[in-house]
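*Asks:* Okay, predicted coordinates and the sequence, questions at the end:
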Amino acid sequence: MIHVGARHIISTLETNHTIKTMVIGHNPLGDEGTAVLFHFLSSNWARRQIHLESITINSCQIGNLGLGAIAAYLDGNQSLRSLFLQNNDFNPSWNLTSSLTSALSNSVLEVLSLNNNPQLSDTFLFRFLPNLSAPRLRELHLSAVGLTPISTPYIINFLANNGPEHVTPVAGYQLSLGQKFTKIASRRLSDLRLNGNALTLPCAQAIVHVLKTSNFSIRHFEMFANNFPVGFPASHPDSNPSTPPALESGDISEMAWPELKAHMSAIFTRNHILTSMASTSALQLLGPSRTLLLPPSHHDTESPWRSLPTEIQLQILSTLGLGLSPQQLIRVWSYATDRATLPDLQQPLPSLFDRTATHKTREQLRDDWLSAVGCDRFE
């Protein structure tokens, strides 16, 4: 009887392959029931036939057994975009945390919520963030997970796009000996939520400092209900939190929370502009690069353009990609000159009777391409 709920969900999925969203929160599915459900979803048949894009499984009394099954399902999954695991009972060991981060890094997950799991605490974060390099992760929710100030160096080094060796030093915050972060840890992360923890004002100041100097992707950040002092420092009686300050102004280490929020507003505006500039530049560059750099399939009269040295051609084309780094320019040009990336003109039309087929929109294809060439962010 303990797996009746899981069996019922499995039966529904077996008869309706078009389900994309599964919301099964607030029920006594339990640890074993969750394991049964996700073992089914991890089967070869289910991976071929069922393509869930969003799973919400909050308040289901999930323990480590169920979390392990969820991690196994995530590993290699190419359809799931969002996963909500709020208010459950898991407290993963270091090995299980490693399995989870490895699975996330081998998935296309874009949104992960672990809110309201206070049993996770700093110990989970120590193992989780340094090993996380999820290629598509854009939102990470870690509100009310029991974080304290000792998690601060792990957070600020995660937010620094180029790894700890390139982080602008923040006084008083250092990693434990031997801890290293992946160099692409948070390059695509645009939304981080740390509400309801026990992080202090100096932690917030250190985080905002790193967002200002070393992160160009975060466009939404929350850190409410962390027991910050209310109001402004006495030395700044005329401060107005409703007016975003210039990024060059002010000493962050002396700012109170209202001032930090105003400062973050300017940071998020900067990051939004830079991200938009990078993606727009990449899209503008692709077409002309295809036309001018792709070698002709047959011999014809040499055009004046093709008689130019390659260096001159690339220098001219780079004026169309002013928002891109040299590495991003090279990735776009490599894609443009690869005949294998050309669309297949003999590809058959999709069947109207295949209900399990998934067809991406033009916007999804564009976003996938920007992500593949690393131009969905500013570098």
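*Replies:* Looks like it arrived, so ask away.

*Asks:* quick one, what contacts the most centrally placed residue in the chain?
*Replies:* By Cα atoms, centre = their mean, the chain has its centre lying nearest to Leu137, at 2.1 Å. By Cβ atoms under 8 Å, 6 or more residues apart in numbering, the contact set of Leu137 is 104, 109-112, 188-189. Using the backbone N, CA and C atoms, a C-beta is placed for each residue, glycine as well.

*Asks:* Need those residues in JSON lines (columns: pLDDT and secondary structure).
*Replies:* What follows is these, written out as JSON lines (pLDDT from 0 to 100; DSSP: H, G, I helix; E, B strand; the rest coil):
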{"residue": "Leu104", "pLDDT": "93", "secondary structure": "helix"}
{"residue": "Leu109", "pLDDT": "94", "secondary structure": "coil"}
{"residue": "Glu110", "pLDDT": "93", "secondary structure": "coil"}
{"residue": "Val111", "pLDDT": "96", "secondary structure": "strand"}
{"residue": "Leu112", "pLDDT": "97", "secondary structure": "strand"}
{"residue": "Arg188", "pLDDT": "82", "secondary structure": "coil"}
{"residue": "Leu189", "pLDDT": "91", "secondary structure": "coil"}
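
*Asks:* Can you tell me which of these comes closest to His17?
*Replies:* Closest to His17 out of these is Leu109 (21.1 Å), distances taken as Cβ to Cβ.

*Asks:* The closest one: neighbouring residues, count only.
*Replies:* Close neighbours of Leu109, defined as other Cβ atoms under 10 Å, add up to 23.

*Asks:* Confirm for me that it is in contact with Gly76.
*Replies:* No: in this structure Leu109 lies outside contact range of Gly76 using Cβ atoms under 8 Å: 11.6 Å.

*Asks:* Next one: the residue lying closest to Leu29 once chain neighbours are set aside relative to Ala72, how far apart?
*Replies:* Closest residue in space to Leu29, ignoring its immediate chain neighbours: Cys60 at 4.4 Å, by Cβ to Cβ, 6 or more residues apart in numbering. Cys60 is 17 Å from Ala72, where distance means Cβ to Cβ, to the nearest Å.

*Asks:* Check Ser217 too.
*Replies:* 29 Å.

*Asks:* again, but for Val373
*Replies:* 30 Å.

*Asks:* swap in Thr291?
*Replies:* 46 Å.

*Asks:* swap in Pro304?
*Replies:* For Pro304, the distance to Ala72 - Cβ to Cβ - is 58 Å.

*Asks:* Those two: which is more packed in?
*Replies:* Per other Cβ under 10 Å, whichever of Pro304 and Ala72 has more neighbours is Ala72, with 18 against 6.

*Asks:* Find the helix or strand that that one is a member of.
*Replies:* helix 64-74 (DSSP states H and E).

*Asks:* Report how many residues lie close to Ser325.
*Replies:* Here the count is done by other Cβ under 10 Å, and Ser325 has 14 residues near it.

*Asks:* Show the contacting residues for the residue nearest to it when sequence neighbours are not counted.
*Replies:* Nearest non-adjacent residue to Ser325, counting by Cβ to Cβ, 6+ apart: Glu379, 4.0 Å away. Contact partners of Glu379, counting by Cβ under 8 Å, 6+ apart, are 161, 187, 216, 278, 324-325, 327-328.

*Asks:* Out of these, which end up buried?
*Replies:* By neighbour count, with 16 or more other Cβ atoms under 10 Å, these hold 161, 187, 216, 278, 324, 328 as buried.

*Asks:* Identify, from those residues, the entry nearest to Ser54.
*Replies:* Looking across those and measuring by Cβ to Cβ, the closest to Ser54 is Arg187, at 23.4 Å.

*Asks:* The helix or strand following the helix holding Ala72 - which strands sit beside it in the sheet, and in what orientation?
*Replies:* Sequence order places strand 82-84 as the next helix or strand after helix 64-74, per DSSP H and E. Note on strand 82-84: by DSSP bridges, its sheet partners are strand 54-56 (parallel), strand 111-113 (parallel).

*Asks:* what does strand 82-84 rub up against?
*Replies:* Residues contacting strand 82-84 (Cβ under 8 Å, 6+ apart): 25, 53-58, 70, 74, 109-113.

*Asks:* What's the mean pLDDT across that strand?
*Replies:* In this model, strand 82-84 has an average pLDDT of 97.

*Asks:* got a pLDDT number for Ala46?
*Replies:* You'll see Ala46 listed with a pLDDT of 94.

*Asks:* phi, psi of it?
*Replies:* For Ala46, the backbone dihedrals (degrees, to the nearest 10) come out as phi -70, psi -40.

*Asks:* burial of it, as a residue count?
*Replies:* 19.

*Asks:* so who does it touch?
*Replies:* 13, 40.

*Asks:* try 10 Å this time
*Replies:* 10, 13-14, 17, 38-40, 52, 73 (Cβ atoms under 10 Å, 6 or more residues apart in numbering).

*Asks:* mind checking how far Asn116 is from Asn77?
*Replies:* When Asn116 is compared with Asn77 (using Cβ to Cβ), they lie 24 Å apart.

*Asks:* more neighbours, the two?
*Replies:* Asn77 (20 against 17).

*Asks:* Right, I'll leave it there.
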